[in-house]
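Q: Okay, structure incoming, though there's no sequence with it:
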């Protein structure tokens, strides 16, 4: 994999150049993307030309290549949202997160493949660790491109489990920041209370570095790991749906991080949080029926049957049911705030197991949707392996707005796992 | 003015038809819009044809004409956001609030004029009560079209004071619902934490009826007025910037609503709220610089000098300043929740006075921005008159999510004023 933070440091130190780094990206894409199919659109000639510009090394991202999930608007590459309805679509402006990444010195190498409108209908992408396994979804291309060493950085999005799950399945770091730390404007909306922009990179220090560079916040934690954090181990009421590999990974991560100095304890989620987990779908679907209402009304024949049926059912959710769900979510946010009085972070499953076999489905967001709904930051920490040799992740969840603290704790978990 | 609720009732009762009502709208537009200039785009032939469709009378809005501020995407009428940068632009889909209004039986008659990107550069619209006075902004056309009897209902938006202020200046009801009760998707974003969709109609019962029809919520309060509500009279730390007409209107409204049975008391805002008022601009401008960053970078010569300068300055706001402002806003929301333990609604200024003379500026959002930031519902109640004969409004502010209660209290204030 390409390590964003080290690569930017090497460019700044004059040990390599943005142009040489981009050539490495182009070579990796030429070598691997025929099998992985991580890209929905590419313009490597433009990226190579851009990487020759003067002054890139002085910018925070130092001319690093990045990919943007094809659910994000770009002004120069076509944007299709994973749907034939938008084939060839050219938005007027970049999504602000894309523009921010460019202004920070990132060079857009391509659009990464997404499931249809970032919902469940798979992208063509294959898991770089085994072409017969799903890379997860919906940010399939972003996770796979980083895992295959084709990109040092990729933007993705999560409405239920679309950052953490593919990161876990592909064995990379996936970082879902605090809700709206990265603006969602210019992302094709599925659910405005849930849609969250996230980052994919090799290691925790890489997403921290990139998030700091993109947002201008002090998030680069690589030389400043957490000291003796209090970590709650959370298996949730859905623990029975996590397989043996996921349980082994969580147990192993808990043991090793404790050995590294963390104070760990098992935690049951309070009832307000379990209640909120159950109503994620109400909020997501009520809003999706409005957000994609015109696509259903005027383009139904070009939607997948799965999405068309889902939106049709969603349109029948009464406003009162939605309002009640929103109040349930609000109570859960307060309960989570209380919980973070007792611990600094939660350690939990990233997914029910390693990437399932087959390309017809993208796996389950069962262990992700609650943290999306609550808006708190979450990170998939990679480095553990299932019985079949596929990657298994663990998820570290932090307090709303305390992204720096969470990144430092995730870094500690990662070092402990990889020791 | 056209009264939406009565008009829909007359259609349902067979006393008139959607087609006859639309002909009345077309005639009023022909008679008045040459002077008022409330519309940015019109297709009355299409609206008249649509009004002849079968079954309209059975829908909640019964075929009523509505206007949509030209900051909202529409699939059939061009959408220019008040900027020559977007002249002739045709979005792929309706903004969901437009689609919802259509599905409820509303017929889109035209796009109403907006200031440039809903900021300060005026629309060509004139105040129907005096052509030499501003109608306010940014929802200039929506307020003026209702005031001039050209539309029974119009959609607008508010990021600082863009619904309540023009409603006050034009003497109509302006209703800014709880944040996101009407989805903002498909609105050209200025600030995603502040942008709010609102409604304009003749009376309080008309906006209540329309909001209920559009959202499927039980909001129609016309036969169910509030009984003896507790109302706090709020002059704010900025009372000195309200003129004599505004003070007289607020005092008169307080006296009459007390005589109608309300329990009133003077209230000072707690310091958390005054602090939040001061940082509205930080949140608005930090987000505007991101939301309109590409327009500034690639279309600066087609922006007004005022907006270009504002966005340039806004781009220099540090992320930390923004994060601090967001925390200030959060504390204020908690403080407002506590305040609503003591009263059911607040009664305050809608604007510093009646519509200022001149068309080069749209007036001040000084008494609106706090309530936008806090996300709580607010209504301009019309019916009072300044010394110069121009309308003066008063503003009723309610608890987050309690829109029905607020509408009922606003109805009581309105009946008291108009008695």
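A: Sure, I can see it. These figures come from a predicted structure and were not determined experimentally.
Q: where does chain A come near chain B, residue by residue?
A: Applying CB under 8 Å from any CB of the partner chain, one finds that chain A approaches chain B through A:75, A:86, A:89, A:92-94, A:96, A:99-100, A:180, A:183-185, A:189, A:192-193, A:215-217, A:287, A:290-291, A:293-295, A:297-298, A:318-320, A:323, A:327, A:401. The C-beta positions use only the backbone N, C-alpha and C, and glycine is treated the same way.
Q: Mark which of those residues are buried, thanks.
A: A:75, A:86, A:93-94, A:96, A:99-100, A:180, A:183-185, A:189, A:192-193, A:215, A:217, A:287, A:290-291, A:293-295, A:323, A:401 (16 or more other CB atoms under 10 Å in any protein chain shown).
Q: Now do the domain split for chain A, please.
A: Segmentation of chain A into domains, based on automatic domain parsing, reads A:4-215, A:230-272+A:329-418, A:274-326.
Q: ranges for the helices of the stretch 301-419 of chain A?
A: Secondary structure of the stretch 301-419 of chain A by DSSP state H, counting those that start in this stretch: the helices cover A:305-314, A:319-339, A:369-374, A:403-418.
Q: For the closest residue to residue A:346 other than its chain neighbours, grab the count of nearby residues.
A: Computed as CB to CB, 6 or more residues apart in numbering or on different chains, the closest residue to residue A:346 that is not its neighbour in sequence is residue A:397, at 4.2 Å. Neighbourhood size, residue A:397 [other CB atoms under 10 Å in any protein chain shown]: 27.
Q: Now do the contacts for residue A:397.
A: Residues counted as contacts of residue A:397 (CB atoms under 8 Å, 6 or more residues apart in numbering or on different chains) are A:234, A:345, A:346, A:347, A:348, A:371, A:376, A:377, A:378, A:406.
Q: Just list whatever residues bridge to it.
A: residue A:346, residue A:378 (DSSP bridges).
Q: Quick check: the gap between it and chain B.
A: According to CB to the nearest CB, to the nearest Å, residue A:397 and chain B sit 20 Å apart.
Q: Skipping its backbone neighbours, what lies nearest residue A:344 in space?
A: residue A:229 (4.3 Å).
Q: Can you tell me the element the nearest residue to residue A:18 once chain neighbours are set aside falls in?
A: The spatial neighbour of residue A:18 that comes closest, neighbours along the chain excluded (CB to CB, 6+ apart), is residue A:63 at 2.7 Å. For residue A:63, there is no enclosing helix or strand under DSSP states H and E.
Q: Residue A:63 contacts residue A:57, doesn't it?
A: Yes. Contact criterion CB atoms under 8 Å: residue A:63 and residue A:57 qualify, at 6.7 Å.
Q: buried stuff in stretch A:9-27?
A: A:10, A:11, A:16, A:17, A:18, A:19, A:21, A:22, A:24, A:25, A:26.
Q: And residue A:343, how far from residue A:398?
A: 10 Å (CB to CB, to the nearest Å).
Q: same thing with residue A:283?
A: 22 Å.
Q: swap in residue A:44?
A: 36 Å.
Q: higher neighbour count, those two?
A: More crowded of residue A:44 and residue A:398, by other CB under 10 Å: residue A:398, with 27 against 19.
Q: what's the spacing between the nearest residue to the more buried one once chain neighbours are set aside and chain B?
A: In space, and not counting its chain neighbours, residue A:398 is closest to residue A:406: 2.8 Å by CB to CB, 6+ apart. Between residue A:406 and chain B the computed distance is 15 Å (CB to the nearest CB).
Q: just residue A:255 next, same as before
A: 36 Å.
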